[in-house]
Structures are given as C-alpha cells and as structure tokens.
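>>> kindly return the folded structure for what I paste below:
(2 chains)
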Amino acid sequence: AQSVSQHNHHVILSEAASLELGCNYSYGGTVNLFWYVQYPGQHLQLLLKYFSGDPLVKGIKGFEAEFIKSKFSFNLRKPSVQWSDTAEYFCAVNLGGNNRLAFGKGNQVVVIP
Amino acid sequence: DGGITQSPKYLFRKEGQNVTLSCEQNLNHDAMYWYRQDPGQGLRLIYYSQIVNDFQKGDIAEGYSVSREKKESFPLTVTSAQKNPTAFYLCASSSWDRGYAYNSPLHFGNGTRLTVT
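Below is the predicted model:
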C-alpha cells in the first residue's frame, strides 16, 4: 500500500523565516502529488499540485514544492513566512489513474509575529 | 456559492447508538469521500464513491456504512461496531475528469466533530 511520510509534526518559527516541510511517499510508479492546507477554523484547501512537467510547482500564497522522483519526495517551501501562514499542512499522494488519495499525518506550523 | 455542506457541526451520542452524518454537495461532482481526522494521524479514508449507487471501502471502513442514492448526497453512518468513533469527520468531493478523479482537487466540507460517550 502507498504511504506518505511527513516529519517534524510541530514546527514553530518566526515571521520572515524560511519554511521547508518534507514529504516522502512509498510507491515507484506514476503519482500525483498534492499539498493541502487547513487554516485555523477553516476547511482544507488545495495549496498546490503536481501531475507532470516541471517538477518545481508554484502554488498560492508564495508556496512552492519540488518533486524529486529519485528521492520519492515532494517538499514544500516558502522563503519568508508570515503570521497568516499558521496552519496545518498535509501532503497527499495518489497513484496515477487511482482515485484514492493517501494523506500524511500533517505538519502543524505556528508562525510567531 | 457551490460547496459541500456537512451537518451538524457537533454531534454527541451515547455509546451503542448508530449515528448518521450528513454530506451534501452542489458542485455536480461525481466522486465523494469520507475521511476521518485524528490529532497526529492525518486524514484516513473511510469510504468513497465514484458514481451513484456505487461505493468502495477505504482504509478504515470497519464499523462504518455509507449510501449513495443521489449524486448530491453521501451520508455516513457510524455504527456501534466502530470501536473509537469519537473523531472529526470530513466529507470531500471531486469531479471525474478523463477517468482520473484527482485531476481536480478535492473540495472539503467544514467537518462534523462526533463525540461518543
């Protein structure tokens, strides 16, 4: 079965610091990759996605993620975080042609003003 | 505005009782999903449905049941057989594009927090 690993469940950083959240998956075939974000009191929403093409994907609010096939990774980055980036971030993976989405355990990110 | 409506937001039940969580969408999406979210566990798939009158078990289907009689609705019943029913339940939907449901992102509802005592 495919699995998705996210490390460092709790991340605390100051405004303007850089953020990188790791995501690794365990499947050797074609995958579609996603990052979802859940702001406090809000529903989950899509941050960015990768299906094919340029492995560096730009998302909303200045986030980006890089797909490195050889490392089975899809790490999320933001060069300079803001207080409003405080949220829980989930990496998700599905196999190409499969409609089951597997989620990681999430990263709780707190940005201190 | 199109979206997914889950009701109620909070639900309390006594142990041994079945309870049904509602999920309605007006996005005209073919696929619908139920996830369970527990602290530090991420989201785990309970059941999903690609079309009306058809659904499949997810990773943690034991103790749950669903129906999909209408495209807009995908209710989840938490039965007394579910050993740890207290959790936050999320419903989601997506459109079915060229046979790849995940070409479109999942749209999530606001969730139902179920507490069983």
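>>> okay, now the unreliable bits of chain A?
Scanning chain A for pLDDT under 70 picks out A:1-2, A:95-99.
>>> for chain B, which spans come out with low pLDDT?
Using pLDDT under 70, chain B drops low at B:1, B:96-103.
>>> give me every residue in chain A lying close to chain B.
Counting by Cβ under 8 Å from any Cβ of the partner chain, the positions of chain A adjacent to chain B are A:1, A:4, A:6, A:9, A:32, A:34, A:36, A:42-46, A:49, A:51, A:90, A:92, A:94, A:96-106. Any C-beta I mention is one placed from the backbone N, CA and C, and that applies to glycine too.
>>> in strands only, show me the residues you listed.
A:4, A:32, A:34, A:36, A:45, A:46, A:49, A:90, A:92, A:94, A:102, A:103 (DSSP state E).
>>> can you select the buried ones from the residues you listed in ChimeraX?
Selection of the buried residues among those in ChimeraX, burial being defined by 16 or more other Cβ atoms under 10 Å in any protein chain shown:
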select /A:4,32,34,36,46,49,90,92,94,102,103
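>>> what residues sit buried inside the helix or strand encompassing residue B:35?
Assigned by DSSP states H and E, residue B:35 belongs to strand B:31-38. Of the residues in strand B:31-38, B:31, B:32, B:33, B:34, B:35, B:36, B:37 count as buried by neighbour count, 16+ other Cβ under 10 Å.
>>> pull the CA atoms of it into CSV?
What follows is strand B:31-38, C-alpha atoms only, in CSV (Å, rounded to 0.1, in the frame of the first residue of the first chain):
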residue,chain,number,x,y,z
ALA,B,31,-16.9,11.4,-6.7
MET,B,32,-17.4,11.8,-2.9
TYR,B,33,-15.3,10.7,0.0
TRP,B,34,-15.4,10.4,3.8
TYR,B,35,-12.2,10.9,5.8
ARG,B,36,-11.6,10.7,9.5
GLN,B,37,-9.1,13.2,11.0
ASP,B,38,-7.5,12.4,14.4
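>>> chain center to it: distance?
Distance of strand B:31-38 from the chain centroid (Cα atoms, centre = their mean, to the nearest Å) equals 4 Å.
>>> hmm, that strand touching chain A?
Yes - against chain A, strand B:31-38 shows contacts by Cβ under 8 Å from any Cβ at B:31, B:33, B:35.
>>> got the contact list for residue B:8?
Neighbouring residues of residue B:8 by Cβ atoms under 8 Å, 6 or more residues apart in numbering or on different chains: B:22, B:112.
>>> so how far is chain A from it?
Relative to chain A, residue B:8 is positioned 15 Å away (Cβ to the nearest Cβ, to the nearest Å).
>>> let me know how buried the closest residue in space to residue A:46 that isn't next to it in sequence is, in neighbour terms.
Of all residues not flanking residue A:46 in the chain, residue B:105 sits nearest, at 4.0 Å (Cβ to Cβ, 6 or more residues apart in numbering or on different chains). Neighbour count for residue B:105, taken as other Cβ atoms under 10 Å in any protein chain shown: 19.
>>> confirm for me that residue B:105 is in contact with residue A:48.
No - with contact defined as Cβ atoms under 8 Å, residue B:105 does not reach residue A:48; the gap is 9.6 Å.
>>> need the residues touching each of those two.
residue A:34.
>>> who are the contact partners of the residue nearest to the spatial centre of chain B?
In chain B, the residue lying closest to the centroid (Cα atoms, centre = their mean) is residue B:34, at 2.5 Å. By Cβ under 8 Å, 6+ apart, the contact list for residue B:34 reads B:23, B:45-48, B:58, B:64, B:66, B:74, B:76, B:89-92.
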